[in-house]
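Undergrad: Dropping the sequence and predicted coords here.
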Amino acid sequence: MSDIPSHSSSLPADGPVPVACAAAPGAPAVPAAFYGGSYCAEDSVGYLMRRVLQSIAGQADARLEPHELTHGQWMPLFVLLKAGGAATTAQVARQVSIDPGAATRMLDRLEKKGFITRSRSTEDRRVVNVALTEAGRQAAGEVPKVLSQVLNEHLAGFSFDEWQTLLSLLRRMLANAESLQAAAPAAPTSEEDAE
């Protein structure tokens, strides 16, 4: 595949040779043998991604502060905006990868600021519907602009082709992650997840 980068001398001469393996659709890919049981943070994909994400979130937070938004608050507003302005508490929680209890507390703060309204479903009392107010739409509308600026700054010096390769590689890694999650035993659910 043309978007697989060449592997350099960072691999030990006597170490495993990486091989690109094609898996059946939906099946987990054969694990790579890049790390060979040793760990160095400077060469860890997870560590590097976490540092980049922390920088992106920190920069976005600083720029969204004048709009009275923190990372924990702009993410759900952005999710609601992408969902057409309304969703359930459980949908928001899943999209921002937090538990329903944490989502409820975060939505409490957004409601106090006048950015959202909440109402119980008339069909299922366990379900809480969340909707953006006009002030919430305006605040959420700032998020894509700020994220675009912050991401572009983090991609300074990248060519268009490098950016596309990075996206392709991250999507492949995400597909592997989703396959691993799908293959893992299901965790028990609670009534809170019914939302």
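TA: Arrived safely, thanks for sending.
Undergrad: Only C-alpha atoms from now on, for both contacts and neighbour counts.
TA: Will do.
Undergrad: quick one, helices of the chain?
TA: Assigned by DSSP state H, the helices in the chain fall at 45-64, 71-82, 89-95, 100-112, 134-154, 160-183.
Undergrad: need those in CSV with mean pLDDT, can you?
TA: Listed next are those as CSV, based on pLDDT from 0 to 100:
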stretch, mean pLDDT
helix 45-64, 94
helix 71-82, 89
helix 89-95, 93
helix 100-112, 93
helix 134-154, 93
helix 160-183, 94
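Undergrad: Show me the one of those helices that comes nearest Glu123.
TA: helix 89-95 (15.1 Å; CA to CA).
Undergrad: OK, contacts around the residue sitting nearest the centre point of the chain?
TA: Per CA atoms, centre = their mean, the C-alpha nearest to the average position across the chain is that of Val96, at 7.0 Å. Neighbouring residues of Val96 by CA atoms under 8 Å, 6 or more residues apart in numbering: 75-76, 79.
Undergrad: Phi and psi next, for it.
TA: With angles defined as degrees, to the nearest 10, Val96 sits at phi -100, psi 10.
Undergrad: Tell me the one among the contacts of Val96 nearest to Gly36.
TA: Met75 (36.4 Å).
Undergrad: re the thing from before, would you format the contacts of Val96 as CSV with distance to Arg109 and neighbour count included?
TA: Listed next are the contacts of Val96 as CSV, based on distance: CA to CA, whole Å; neighbours: other CA atoms under 10 Å:
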residue, distance to Arg109, neighbour count
Met75, 13, 17
Pro76, 11, 22
Val79, 16, 19
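Undergrad: any chance of these in CSV, plus distance to Arg137?
TA: CSV is the format used below for these (distance: CA to CA, whole Å):
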residue, distance to Arg137
Met75, 13
Pro76, 12
Val79, 11
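Undergrad: hang on, the earlier thing: so how far is Ala41 from the residue nearest to the centre of the chain?
TA: Using CA to CA, to the nearest Å, Val96 is found at 26 Å from Ala41.
Undergrad: next one: Lys113
TA: Lys113 sits 40 Å away from Ala41, going by CA to CA.
Undergrad: Quick check on the two: which one has the bigger neighbour count.
TA: Shown here are Lys113 and Ala41; by other CA atoms under 10 Å, Lys113 has more neighbours (13 against 9).
Undergrad: Tell me the confidence at the more buried one?
TA: Looking at Lys113, its pLDDT is 94.
Undergrad: Gly114 reaches Arg137, doesn't it?
TA: No - using CA atoms under 8 Å as the test, Gly114 is too far from Arg137 to be in contact (10.6 Å).
Undergrad: neighbour-wise, which of those two wins?
TA: Neighbours per residue (other CA under 10 Å) separate Gly114 from Arg137, with Arg137 holding more: 18 against 14.
Undergrad: which non-adjacent residue is nearest that one?
TA: If the residues on either side of it in the chain are set aside, Arg137 comes closest to Leu81, at 6.9 Å by CA to CA, 6 or more residues apart in numbering.
Undergrad: Ser121 now?
TA: Val127 (5.5 Å).
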